[in-house]
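Asker: sequence first, then the predicted structure, then my questions.
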Amino acid sequence: MPAENENSKEEIEVFPFIEGKIIDLVAYNSKWAELKCKWRNDPKVRHYSRNIWPRSLDDVKKRSETVPDGHRHTRDYVGFIIYHKHDKCPIGDIGLNRIDWVNRHANIYAMIGEPEYWGKGIVGEAAQLVLRYAFAELNLHKVRAGVFTPNERSLRAAEKLGLNKEAVVKEAMYVDGKYHDIHKWGLTKEEWLKKK
Amino acid sequence: MTEEKKGKEGKEEKNDVFPFIEGKTIDLVAENSKWANLICNWINNPKVRHYSRNMWPQTLEEVKKRFEHTPDRHIRDKAKFMIYHKGEKRPIGIVGLDEINWVSRNANLFALIGELEHWGKGIAVEACALVIKYGFTELNLHKIDAGIFSPNKRSLRAAEKLGFEKEAIIKEVIYIDGKYHDEHNFSILKRDWQKSNE
């Protein structure tokens, strides 16, 4: 047991689920609720993740309590914490939501909650791992992503990942007093296999 | 408004039967809680439950609970239908897919004809064929399984007629009426089903 010390962070057990180079994708731990809450509400972070509602800590806690339906084959989202291997700390989250099991597609989302890790290609690495997971483990047919125009970093990330831009939906997002376009990206399993 | 039809027992039959998939002799229709008594009767009927391998008594309350909530459309793990006889205008059984595995994309096919006088008329085969088509062309499944235990000759023949392949015989895995029986595992792949339906 680590000694109680003001300077030492509380030790939290980390369970890597998918291993990367700089980061691992690990299972969420309820002890990270405060951190997650900070990310969700942080003005800089939420600007890009398009979160316009304040999120209470209770709400964050409640959300992590509900394992989707308890059935392993019937969940409609999968979320991971992006864990920095060297710095030994969680820095963001990533996952697939809106999984449609009949049409076999899902939406990929990612968020780096600690701005000092922005622009280091971490989302790119994490997203590669999630794409592989989506196609090789979940047997999905297509992964989709939506990025709104001022989010240059994510647009570049989508391009680097090899996603195809399928559509630009005009003025579909209202952010900071202005309408913005949403770029819809997609990648099929076949395309992903070819690019590998 | 058309005149309401008279049902078999002379009761008024409202137009609340909703065909979801149309067949020749039967339609597959959405379940309705008003049929809870009927379903409860089938499940507990000694002759029926012998073949459907149900060894626990089920109360009407338990059957009614089935209708209380349906999971979201993308996280369901079963799809159930009532087999509705078009000529007699009444439900005679249940058919559907359960244990749906959305990752490996397979499911288990089940069927039960609760009204004994309709046994041996090929109705389960017609209903199962519709469900198989539904599984492959609407639910985008890869494979459909069925497990039949050895004394159930009628279902064994039905599985063959439907184009299922026997994959395995699991020895003495089911205990029925004082004896162990083998289970025959049948399956059909989408590509094989497509070939035989071209």
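Answerer: Noted; the coordinates are in hand. Numbers count the residues shown, from 1 in each chain, chains lettered A, B, ... in the order given.
Asker: so which bits of chain B are right by chain A?
Answerer: Residues of chain B lying near chain A by CB under 8 Å from any CB of the partner chain: B:71-72, B:74-77, B:100-105, B:138-140. All C-beta spots, glycine's among them, are computed from the backbone N, C-alpha and C.
Asker: and the buried ones among those, selectable in PyMOL?
Answerer: To isolate in PyMOL the members of the residues of chain B next to chain A that are buried, counting by 16 or more other CB atoms under 10 Å in any protein chain shown, one can use:
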select buried, chain B and resi 75+76+77+100+101+102+105+139+140
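Asker: list the contacts of B:Phe149.
Answerer: By CB atoms under 8 Å, 6 or more residues apart in numbering or on different chains, the contact set of B:Phe149 is B:Arg53, B:Ile174, B:Ile176, B:His181, B:Asp182, B:Glu183, B:His184.
Asker: quick one: the last one and B:Pro151 touch, right?
Answerer: This means B:His184. No: using CB atoms under 8 Å as the test, B:His184 is too far from B:Pro151 to be in contact (10.8 Å).
Asker: find the nearest non-adjacent residue to A:Trp101, please.
Answerer: Using CB to CB, 6 or more residues apart in numbering or on different chains and skipping residues adjacent in sequence, the residue nearest A:Trp101 is B:Trp102, 3.6 Å away.
Asker: ignore what I typed, I meant B:Leu60.
Answerer: Once flanking residues are discounted, B:Leu60 sits nearest to B:Cys40: 4.8 Å by CB to CB, 6+ apart.
Asker: wasn't that neighbour part of a strand?
Answerer: No: counting by DSSP: H, G, I helix; E, B strand; the rest coil, B:Cys40 is not part of a strand but helix.
Asker: thinking again about what came up before, redo the contacts of B:Phe149 as CSV? Include distance to B:Gly93 and secondary structure.
Answerer: Listed next are the contacts of B:Phe149 as CSV, based on distance: CB to CB, whole Å; DSSP: H, G, I helix; E, B strand; the rest coil:
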residue, distance to B:Gly93, secondary structure
B:Arg53, 16, coil
B:Ile174, 21, strand
B:Ile176, 20, strand
B:His181, 23, strand
B:Asp182, 25, strand
B:Glu183, 21, strand
B:His184, 21, strand
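Asker: buried ones among those residues?
Answerer: B:His181, B:Asp182, B:Glu183, B:His184.
Asker: partner residues bridging the third one?
Answerer: With beta bridges defined as DSSP bridges, B:Glu183 has these partners: B:Phe149, B:Ile170.
Asker: what sits against it?
Answerer: B:Gly147, B:Ile148, B:Phe149, B:Ser150, B:Ile169, B:Ile170, B:Val173, B:Ile174.
Asker: next up, the contacts around the first one.
Answerer: With CB under 8 Å, 6+ apart as the criterion, the residues that contact B:Gly147 are B:Asn108, B:Glu183, B:His184, B:Asn185, B:Phe186.
Asker: now, which of those sits nearest A:Pro16?
Answerer: Nearest to A:Pro16 among the contacts of B:Gly147 is B:Asn108, at 34.1 Å by CB to CB.
Asker: doesn't that closest one belong to a strand?
Answerer: Yes: if the criterion is three-state DSSP, then B:Asn108 is within a strand.
Asker: got the contact list for stretch A:16-36?
Answerer: Against stretch A:16-36 from outside (CB under 8 Å, 6+ apart): A:10, A:12-15, A:57, A:60-61, A:64-65, A:79-86, A:90-91, A:93-94, A:113, A:120, A:122, A:125-126, A:128-130, A:132-133.
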